[in-house]
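*Asks:* Any chance you can model this:
(chains A and B)
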Amino acid sequence: MANRFPRYTQLLRLYPKAYRDKYAPQMVQTLADMLDDQPNKYARLAIWLRIGVDLPVSIVHQNIMYIGEVSMPTYIKRNGIIAGLLLVPFLLALIANALTATIYHRDLYNSVVWSTPVLTTWIIILPSLALLIALASYINFLQHSPKQTPFFQRLHNVKQVWPIALAGSCGLGILCLVAFHDSAHCPLQNPLHTITQPGKVWQCTTRGFLGGN
Amino acid sequence: MKRQYNQLPQVAFSILLALSLKPRHGYEIIKQVKEDSSGKIKLSPGALYTSIKQLHEQALIEEIDDANDRRRRYYRLTSQGKKTLVSEIEYYQNTVALAKQRQILTLDLHHG
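*Replies:* Take a look at the predicted model:
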């Protein structure tokens, strides 16, 4: 039966394994029954079109459900949420800046959000805290994982730690962005430059890293 | 804890209704749901088995084997499933009675 619809069967592999093992053969059988019962090729085409819409939605839905079903220590969920919340000010500041630039044609670099203590908080302190929380949770997870599980398997057991892995990666990403961001080549100023050299006005030029007036 | 009324999604309710007459396999459920809804609900395998999984996890339906048809899995209502279906139908009965009492069905909005 699977050979009759090879592409459909391949797509079913995108479902979580538990779901796929239980329902994929029945889905293929049901599809075969549906197509066999149609009087002409247009009716069969209509079924394929419906499946083209239905299948991706169903695959995404089942994978989301699967993530929710994975047994995960409570502190991983809690710390993942906390670390994620610590990154919200960064996103809000960038969104606010982009919106202001779009609507009012001016940026927020001279506002209180970009003033040194506030800026330091949302681009360095909060992302660093998020990264630290994520790392501490991950180390704790590794220490308390079953010892019979091979170390490297525990190391990349992303299914059980994805909230802190996601938040930690975002925190690290923000810190890297801040550290390596080049004010001289980009309309968005490097906040590190603003902090370290508050009096300097950075322009978008091609003069190279740390080029400014 | 007593189950609240009308907790089932439309598709799940339709599947329970389709299984109220006899056990059915996937395509039979799809056909029956389409017929019961006058063609308004057209299920595809993805949506069907998503709902079947949920109903199975809630112990409202169960799988059975048919000795004459090894290729297909059949599904039937459990006793809990029957109770749930009755509870849902009672809810709709009450809703229809209320709608009649308030003459909602004869208001202009029915035609608009």
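
*Asks:* For chain A, what is the nearest residue in chain B?
*Replies:* Closest approach between chain B and chain A, counting by Cβ to the nearest Cβ: B:Gly46, at 3.0 Å. Backbone N, C-alpha and C define where each C-beta goes, glycine included.

*Asks:* In the longest helix along chain B, which residues are buried?
*Replies:* Of all segments of type helix in chain B, defined using DSSP state H, the longest is helix B:79-101. For helix B:79-101, a neighbour-count test (16 or more other Cβ atoms under 10 Å in any protein chain shown) marks B:Gly81, B:Thr84, B:Leu85, B:Ser87, B:Glu88, B:Tyr91 as buried.

*Asks:* Spatially nearest residue to the residue of chain B closest to chain A, not counting backbone neighbours?
*Replies:* Closest residue to B:Gly46 apart from its sequence neighbours, by Cβ to Cβ, 6 or more residues apart in numbering or on different chains: A:Ser58 at 3.0 Å.

*Asks:* what does B:Gly81 give?
*Replies:* Once its chain neighbours are removed from consideration, B:Gly81 has its nearest residue in B:Leu60; the separation is 3.7 Å (Cβ to Cβ, 6+ apart).

*Asks:* Adding pLDDT as columns, could you present the buried residues of helix B:79-101 in CSV?
*Replies:* As requested, the buried residues of helix B:79-101 are arranged in CSV below (pLDDT from 0 to 100):
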residue, pLDDT
B:Gly81, 94
B:Thr84, 94
B:Leu85, 95
B:Ser87, 93
B:Glu88, 93
B:Tyr91, 91
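
*Asks:* List phi and psi for the residue nearest to B:Gly81.
*Replies:* Backbone dihedrals for B:Leu60, given as degrees, to the nearest 10, come out at phi -90, psi -20.

*Asks:* Please list all residues in contact with it.
*Replies:* By Cβ atoms under 8 Å, 6 or more residues apart in numbering or on different chains, the residues touching B:Leu60 are B:Ala12, B:Leu16, B:Leu77, B:Thr78, B:Gln80, B:Gly81, B:Thr84.

*Asks:* I figured the fifth one hits B:Ile61, correct?
*Replies:* Okay, so that is B:Gln80. No: B:Gln80 lies out of contact with B:Ile61 (Cβ atoms under 8 Å); the separation is 9.3 Å.

*Asks:* residues near whichever residue of chain A sits closest to chain B, how many?
*Replies:* The minimum distance from chain A to chain B, using Cβ to the nearest Cβ, falls at A:Ser58 (3.0 Å). Neighbour count for A:Ser58, taken as other Cβ atoms under 10 Å in any protein chain shown: 23.

*Asks:* If we go by neighbour counts, what in the helix or strand hosting it is buried?
*Replies:* Remark: A:Ser58 resides in helix A:41-69, with elements defined by DSSP states H and E. Of the residues in helix A:41-69, those buried under the neighbour-count criterion (16+ other Cβ under 10 Å) are A:Ile47, A:Arg50, A:Ile51, A:Asp54, A:Leu55, A:Ser58, A:Ile59, A:Gln62.
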